[in-house]
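A.B. asks: no sequence on this one, just coordinates:
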């Protein structure tokens, strides 16, 4: 939830429960049930937002505005305070992400160094590591071929971030349209094979990360089953 959206959204319904914030309320009318529902939404947003917001001061401002009283801050002062808050939150988020990126580099390098010495693990010149789980006897794809695979992706802590198995539907894509670790790794496979890939961050999503779960510089693990080569591409 972005700070400006939170503050604006919060004001639309906060007055409905401000007067009874510290007491139980009988939900015996539709209006009270609606007010409590909106309050739950806003409470969850405030909890996720964190920060040093004072709820009593916020309730007072809501009541002043709703009842048409003079506010204790001018619009200009409130705007400056809001902008300062948003700036500090962005700076804190950037610092947290930078620390996460550093931690992920350290964790990934340590994991890959130990994993490379395990029986059955192969390492390519790029640093990609793989293990043959099941060897197939079909053709191998080229970098521009379209392939159909089943796969499961996890972080180093075992958390799953994506899985065609969970969706019950294999994925089809061109090998030159995925992360470098997949482009290289799947070309090593024969149709019918299942490999486990250990993908350094430089061959995955690097500093940008991906989605909610894959952080910056994250090393990833994939179980990949090559089902078929669907069409051959051209360079």
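C.D. replies: Cool, the structure landed. A quick note: this is a predicted structure, and the numbers were derived from the prediction, not measured.

A.B. asks: quick check: phi and psi at residue 119.
C.D. replies: phi -60, psi 130 (degrees, to the nearest 10).

A.B. asks: ok, now how distant is it from residue 107?
C.D. replies: 23 Å (C-beta to C-beta, to the nearest Å). Where you see a C-beta, it was placed from the backbone N, CA and C, and this is true even at glycine.

A.B. asks: who has more neighbours, these two?
C.D. replies: Taking neighbours as other C-beta atoms under 10 Å, residue 119 and residue 107 compare with residue 107 leading, 16 against 5.

A.B. asks: just checking, that one touches residue 157?
C.D. replies: No. The pair residue 107 / residue 157 is not scored as a contact, 9.1 Å apart, by C-beta atoms under 8 Å.

A.B. asks: tell me what the longest helix along the chain is packed against?
C.D. replies: Among the segments of the chain that qualify as a helix by DSSP state H, the longest is helix 75-115. Contact partners of helix 75-115 among helices and strands, from 3 or more C-beta pairs under 8 Å, 6 or more residues apart in numbering; DSSP states H and E: helix 3-13, strand 194-199.

A.B. asks: least confident of those, on average?
C.D. replies: Of all the helices and strands packed on helix 75-115, the minimum mean pLDDT falls on helix 3-13 (a mean of 44).

A.B. asks: all the strands of the protein, residue numbers only.
C.D. replies: Ranges of strands in the chain, per DSSP state E, are 121-123, 129-134, 146-154, 160-163, 171-174, 194-199, 220-231.

A.B. asks: now for those strands, which one comes closest to residue 98?
C.D. replies: strand 220-231 (20.0 Å; C-beta to C-beta).

A.B. asks: can you check the pLDDT for the nearest residue to residue 227 once chain neighbours are set aside?
C.D. replies: Nearest non-adjacent residue to residue 227, counting by C-beta to C-beta, 6 or more residues apart in numbering: residue 148, 4.5 Å away. pLDDT for residue 148: 97.

A.B. asks: count of residues packed around residue 148?
C.D. replies: Neighbours around residue 148, by other C-beta under 10 Å: 16.
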